[in-house]
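1. using only what follows, build the 3D model:
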Amino acid sequence: MPQGVVKRCKRILRTFLWGGVEGHRKLAWIKWDVVCKPKKLGGLGIKNWNLFNKALLGKWRWRLLREQNSLRVAVLRAKYKIPSYGEPVERGGKMSAWWNDILRTCFENSSLCWFDSAIKRKLGDGKLERREGRLDTWSWEPEAEGLFTAFIWRVLWGRLQTKENLKRRGIITGDQLVTCVFCNTDEESMKHLLFSCPFAAQVWNTYNRWIGLGAALPHDCWSHFPQHGLLFPNKKQRLGAQTIWLAITWSLWLHRNRVVFREWIKDAGKVFDFTQMRACNWLRVVSKNFCSSLYEWTQL
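-> Here you go, the predicted model:
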């Protein structure tokens, strides 16, 4: 894949993620290398086009190893004089640009070649000794991924557009106020806005009374979210609690934006009503066993 195409694809993805429009760039809150990391490593799992291009080329080496009797592999072996065990014997020369890309990407002269580190050779049937390599097979070592939403991902990274973050980025300057829109007292950091602000505390306390929870939770996001889940040993209850946690933080953030940009009157009761509605709708999607109506759900 030409580098120009790769850059164009990355530009489209960035514009979509950060909410920009064609020809107008919006502020990127997290490095693109982090965005492209797997979800279990704190990224969003968005496709890294350079790596994707490498994977497409690697697929052809995989075919050389696995599809010993296919016509396309036979043609490649004859054209490029590849021995039966899959390693090429010639580089450069009259070979096509496509094949040279495969050689450069997937047959690196290094013990740390990405392709070699991702496959495993099985001798014979796993019990017999290998004889002339004819019984050998190959397997790919897969990677697992976790589950994140784009919003909770930004919360955990501390990259919401709070006034504190905007000030740090130089967007809010001089004498512009950076106090919380809810309490008008403390600086509007993400930790304060979602957890320690008296307004947010009203919403969390209403939630605690709703489900009968009496534990005091920390104000730090990285501690608040996992500890919140640990309070519920049952898997179904934990899924429900974590969904409500996401609904509360999302509803607080949306309410903050509506107070700022639409001049809404701040109302903790309204935030919690929206929380219950959103959590109910989301649980219908993520849980096969959830069948409560909104009324039944709010009367827990």
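
2. ok, the residue most central in space within the chain - contacts?
-> Nearest to the mean C-alpha position of the chain, by CA atoms, centre = their mean, lies Leu44 at 1.8 Å. For Leu44, the contact set (CB atoms under 8 Å, 6 or more residues apart in numbering) comprises Leu17, Val35, Cys36, Lys37, Phe148, Ala150, Trp153. The way it works is simple: take the backbone N, C-alpha and C, and place the C-beta from them, glycine included.

3. in helices, which of the residues you listed appear?
-> Counting by DSSP state H, those place Leu17, Val35, Ala150, Trp153 in helices.

4. how does the chain divide into domains?
-> The record's domain parsing of the chain by automatic domain parsing lists 3-140, 150-298.

5. so how do I select the buried members of the ones in helices among the contacts of Leu44 in ChimeraX?
-> The ChimeraX selection below is limited to those of those classed as buried (16 or more other CB atoms under 10 Å):
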select :17,35,153
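
6. per-residue pLDDT of Val155, please?
-> pLDDT, Val155: 85.

7. so it is in which element?
-> helix 150-157 (DSSP states H and E).

8. next structured bit after that helix?
-> Later in the chain than helix 150-157, the nearest helix or strand by DSSP H and E is helix 163-168.

9. show the subsequent helix or strand relative to that next one.
-> Taking DSSP H and E, what comes next after helix 163-168 is helix 190-191.

10. pLDDT weak spots in this protein?
-> Where the chain drops to pLDDT under 70, the residues are 1, 20-25, 83-93, 104-149, 215, 300.

11. where exactly do the helices run in it?
-> Secondary structure of the chain, counting by DSSP H: helices at 3-18, 32-35, 49-66, 71-80, 97-106, 114-118, 150-157, 163-168, 190-191, 198-211, 221-230, 235-261, 268-286, 294-298.

12. give me the buried positions along stretch 45-59.
-> Of all the residues in stretch 45-59, those buried under the rule 16+ other CB under 10 Å are Gly45, Ile46, Asn48, Trp49, Asn53, Lys54, Ala55, Leu57, Gly58.

13. the fifth one and Lys47, how far apart?
-> Using CB to CB, to the nearest Å, one obtains 10 Å as the distance from Asn53 to Lys47.

14. ditto for Trp250
-> From Trp250 across to Lys47, the span is 25 Å (CB to CB).

15. what would the buried residues of stretch 45-59 look like in a markdown table with distance to Gln276?
-> Formatted as a markdown table, these follow (distance: CB to CB, whole Å):
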| residue | distance to Gln276 |
| --- | --- |
| Gly45 | 30 |
| Ile46 | 32 |
| Asn48 | 39 |
| Trp49 | 41 |
| Asn53 | 46 |
| Lys54 | 47 |
| Ala55 | 43 |
| Leu57 | 50 |
| Gly58 | 48 |
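
16. if we only consider these, which is nearest to Glu188?
-> Closest approach between those and Glu188, by CB to CB: Ile46, at 28.6 Å.

17. now do the contacts for the closest one.
-> Applying CB under 8 Å, 6+ apart, we find Ile46 in contact with Leu13, Leu17, Val35, Cys36.

18. I'd say the last one and Phe52 touch.
-> No: using CB atoms under 8 Å, Cys36 is not in contact with Phe52, being 9.8 Å away.

19. picking up where we left off before, I'd like to know which of the contacts of Leu44 is nearest to Asn281.
-> Ala150 (17.4 Å).

20. so for the closest one, what's the nearest residue that isn't a sequence neighbour?
-> The shortest distance from Ala150 to any non-neighbouring residue, by CB to CB, 6 or more residues apart in numbering, is to Leu44 (6.4 Å).

21. one more: Trp49?
-> Spatial nearest neighbour of Trp49, chain neighbours left out: Val6 (4.5 Å); criterion: CB to CB, 6+ apart.

22. these two touch, right, that neighbour and Asn48?
-> No: Val6 is beyond contact range of Asn48, at 9.6 Å (criterion: CB under 8 Å).
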